[in-house]
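Asks: Below are the sequence and a predicted model; questions follow.
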Amino acid sequence: MVFPDYHGGSIANLMSSIALAMGGWETGYQPLTQLDGERLGRVRNLVLLVVDGLGYHHLKEYAPQSVLFSHCVDSLTSVCPSTTTTAIPTFLTGLPPQQHGLTGWFTYFAEVGAVLTVLPYSTRLGRMPVDGQVLNPRQLTNVPPIYDRLTAQSHLVIPDWIAGSTFNQAFTGRGRVRPYPHRSGVQGLFKGIRAAVDTGKERNFIYAYWPQFDSLSHEHGVASAAVAQHLSELDQGFAQLLERLRGSDTQLLVTADHGFIDTTPARTLRAADHPELADALMMPLCGEPRLPFCYVHPDRTDQFERYVKEELSDVATLFHSEQLLREGRFGLGKAHPRLRDRIGHYALAMQENYVITSELPGEQPLSHVGVHGGLSPDEMYVPLISLDCRNDY
């Protein structure tokens, strides 16, 4: 079981390095020692490419001869839970869940009395879009975008279908959005990065995001042939990007929001199949299927704990959510004022490759092959790839 290393080995510490280098902002988290802070502080273009779902162990095992892995200098931990909904806000704000307060795909927001699907920014029940004019996502995090704290010009090279979303617009700030057509593939991504690097004469921070590795891993499994083919194509595009950037005053960083683990239907549990467990819950499971947060009726805590101990101890480890908070699993320092509301009373850390879900009316049962959000090494560790484009490689 791997928890984030916020003391110098997580994506939050990577963002601390970037914040110091491009704006002199101290996030409250130690910068990475693996990166040359003086170099980052002088470089004209600092590029951060986030490949959604590209775990360190997967890259090392399945693509050890890749250009990407040849420039991998270390591994980092994600945040907790190890999922897009908690990690992407860390890249967009520079801060982990301890401060931004977003805790999973389904997060319960007590202040508005609703469970929201955070990144699509919709209600869970019925998937109705939340009007950003009524409830802006920034109101739920209480932190500004990192781009408003930097002195360098910021660019967001992101798919066009994400660029105009309510959630993304809330965290763009002063950044310049450079959408690329989702049908253009990896070439569109790398073309957008090159265009941002060629912009003006001022210093540039360029955040680029690639989602397809994640979507293919969910559908086919991270160990599938489809994902292997995609990773090969991504690596080829990355090699071409390096040639285009060769000799430029550019530092290129690549990482991910989380890794993956493949599951099976036999290891996909449903709360409805455990009626005594479901009876103890005040609401459907929140968080992630690999790390669900459980809101338990105050009169049924004994029932809940007994059931987990007797029936689920082989597949899940039970934590009091307050323990996770106290031990700094979501981050360090002062917590978001609503964080306790958003992590339930208990958390179930699913073992091996088990998941557990609960469905609302209209929701389809989870059918993903590849899953994430848990505390396994495959999910938690992501690569730290770093390349100084002035040098030969």
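Replies: The structure has been received and is ready for your questions.

Asks: distance between the ends of stretch 260-278?
Replies: 27 Å (C-alpha to C-alpha, to the nearest Å).

Asks: contacts for that stretch?
Replies: Residues from elsewhere that reach stretch 260-278 (C-beta atoms under 8 Å, 6 or more residues apart in numbering): 53, 55, 58, 217, 221-223, 281, 284-285, 289-290, 303-304, 307-308, 311-312, 315, 352-359, 365-366, 368-372, 374, 376, 378-379. (Glycine included, C-beta is placed from N, CA and C.)

Asks: Dihedrals phi and psi, residue 287?
Replies: Recorded main-chain torsions at residue 287 are phi 80, psi -120, according to degrees, to the nearest 10.

Asks: what's the burial count for it?
Replies: Residue 287 has 26 neighbouring residues, counting by other C-beta atoms under 10 Å.

Asks: Quick check: it touching residue 347?
Replies: Yes. In this structure, residue 287 is within contact of residue 347 by C-beta atoms under 8 Å, at 7.1 Å.

Asks: which residues do the two both contact?
Replies: With C-beta under 8 Å, 6+ apart, residue 287 and residue 347 have common neighbours residue 293.

Asks: residue farthest from the centroid of the chain?
Replies: If you look at how far each residue of the chain sits from its centre, by C-alpha atoms, centre = their mean, the farthest one is residue 299, at 34.9 Å.

Asks: per-residue confidence for that one?
Replies: The per-residue pLDDT reported for residue 299 equals 97.

Asks: just the one 10 residues further on next, same as before
Replies: We have a pLDDT of 97 for residue 309.

Asks: where's it relative to residue 317, distance?
Replies: 11 Å (C-beta to C-beta, to the nearest Å).

Asks: Tell me which of these two has more neighbours.
Replies: residue 317 (14 against 10).

Asks: OK, contacts around the more buried one?
Replies: Contacts of residue 317 (C-beta under 8 Å, 6+ apart): 1, 348-349, 351.

Asks: Could I get the buried residue list for whichever helix or strand it is part of?
Replies: Here residue 317, judged by DSSP states H and E, is contained in strand 316-320. The neighbour-count check on strand 316-320 (16 or more other C-beta atoms under 10 Å) flags 316, 319 as buried.

Asks: which element follows that strand toward the C-terminus?
Replies: Taking DSSP H and E, what comes next after strand 316-320 is helix 321-326.

Asks: any idea of the mean pLDDT for that next one?
Replies: Helix 321-326 comes out at a mean pLDDT of 98.

Asks: same thing with stretch 145-160?
Replies: For stretch 145-160, the per-residue pLDDT averages 97.

Asks: chain center to that stretch, what's the gap?
Replies: Distance of stretch 145-160 from its chain centroid, counting by C-alpha atoms, centre = their mean, to the nearest Å, is 17 Å.

Asks: Now do the end-to-end distance for that stretch.
Replies: Start-to-end, stretch 145-160 (C-alpha to C-alpha) is 19 Å.

Asks: now swap in stretch 206-226 and tell me
Replies: Note: stretch 206-226 ends 29 Å apart using C-alpha to C-alpha.

Asks: Also stretch 325-334?
Replies: End-to-end for stretch 325-334, by C-alpha to C-alpha: 11 Å.

Asks: repeat for stretch 55-74
Replies: 12 Å.

Asks: Point out the other helices and strands that the helix of greatest length in the chain packs with.
Replies: Ranked by residue count, the top helix of the chain under DSSP state H comes out as helix 225-245. Counting contacts by 3 or more C-beta pairs under 8 Å, 6 or more residues apart in numbering; DSSP states H and E, helix 225-245 packs against helix 56-62, helix 67-70, helix 185-197, helix 212-220, strand 250-255.

Asks: Many thanks, have a good one.
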